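1. test case, fold it:
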Amino acid sequence: MNIPPDFNALLIRLGWTAGRVINITNNHTYHRSQTESSIYVRGVRTQGSRYRVHETTFLLGCDDDDAHDKDRIPDQKIDVSRVGWEKRVFLWHTKVTLKLAEIRAKHAPRDHLLKTRLQTHEDHVLALRAITGNTAYLSISGHTETNAVKTVLISPTVSQQINLRLEKLPTAEEAAHRGMQLIELLKLHGFIGA
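-> As a prediction, this is how the structure comes out:
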């Protein structure tokens, strides 16, 4: 079942994909706004049916990670067969947009810190890969909240690759310097003891 054309046109004005008719196959089909990916529309299951969705009633919702507890954003059922449904959509969308801006402002210091930590982690990964010269054998991932390294995949041949790379450097001093850089990065990430 497709969303009615007038509702689809309104969603397009609010940031959903233009030129695309939204097809609702069940009440688990979420169609998200292009401008605000945490806002979605989905079908509402018909009474007594597990698979069919109502033809005129839809649910507008928001599942932003920070929109919980007292910042929770309530869903809004919209019945396009009733008078004034457009006003209800605009009102809900405006409230949600303002609430999301408020939530993001509240969490801005935390998000900035996480972004800085993630960038620092990515910089170290790039530096480590530049030293080893081998991206195929080394993969590092971190957790965004604490930036603690969770996974390191090193193939058995990575030490051979590192030694080959170090041997190709023009001088023994440069090889020793690069080796020490690698050791310091491994210590920094907790792969080896201090």
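2. going by C-alpha atoms from here, please, whenever you check contacts or count neighbours.
-> Fine.
3. other SSEs contacting the longest strand along the chain?
-> Using DSSP state E, we find that the single longest strand of the chain is strand 53-62. Based on contacts counted as 3 or more Cα pairs under 8 Å, 6 or more residues apart in numbering; DSSP states H and E, the elements that strand 53-62 packs against are strand 39-45, strand 76-79.
4. which helices and strands sit right next to the last one?
-> Using 3+ Cα pairs under 8 Å, 6+ apart as the contact criterion, the neighbours of strand 76-79 among helices and strands are strand 53-62, helix 85-106.
5. before we move on, the earlier item: quick one, the longest strand of the chain and helix 85-106 angle?
-> Our comparison of strand 53-62 with helix 85-106, counting by axes from the mean of the first three to the mean of the last three Cα atoms, to 10 degrees, yields an angle of 30 degrees.
6. in strand 53-62, which residues are buried?
-> Within strand 53-62, the residues scored as buried using 16 or more other Cα atoms under 10 Å are 53-55, 57-62.
7. for these, which one is nearest Ser37?
-> Ser37 has its nearest neighbour among the buried residues of strand 53-62 in Cys62, at 8.7 Å by Cα to Cα.
8. I'd say the closest one and Asp75 touch.
-> Yes - with contact defined as Cα atoms under 8 Å, Cys62 counts as touching Asp75 (7.0 Å).
9. just the helices in this protein please.
-> Listed in chain order, the helices of the chain (DSSP state H) span 5-13, 85-106, 108-132, 158-167, 172-188.
10. what's the least confident stretch among those helices?
-> With a mean of 67, helix 108-132 has the lowest mean pLDDT of these.
11. and Arg13, what does it touch?
-> By Cα atoms under 8 Å, 6 or more residues apart in numbering, no residues touch Arg13.
12. any idea how far it is from Glu173?
-> Using Cα to Cα, to the nearest Å, one gets 64 Å for the distance from Arg13 to Glu173.
13. now do Lys77
-> Computed as Cα to Cα, the Lys77 to Glu173 distance reads 70 Å.
14. these two: who's more crowded?
-> With other Cα atoms under 10 Å as the criterion, Lys77 and Glu173 differ in neighbour count, and Lys77 comes out ahead with 19 against 10.
15. isn't that one up against Thr56?
-> No - at 10.3 Å, Lys77 and Thr56 do not qualify as touching, with contact defined as Cα under 8 Å.
16. report pLDDT for Ile78.
-> Ile78 is assigned 93 on the pLDDT scale.
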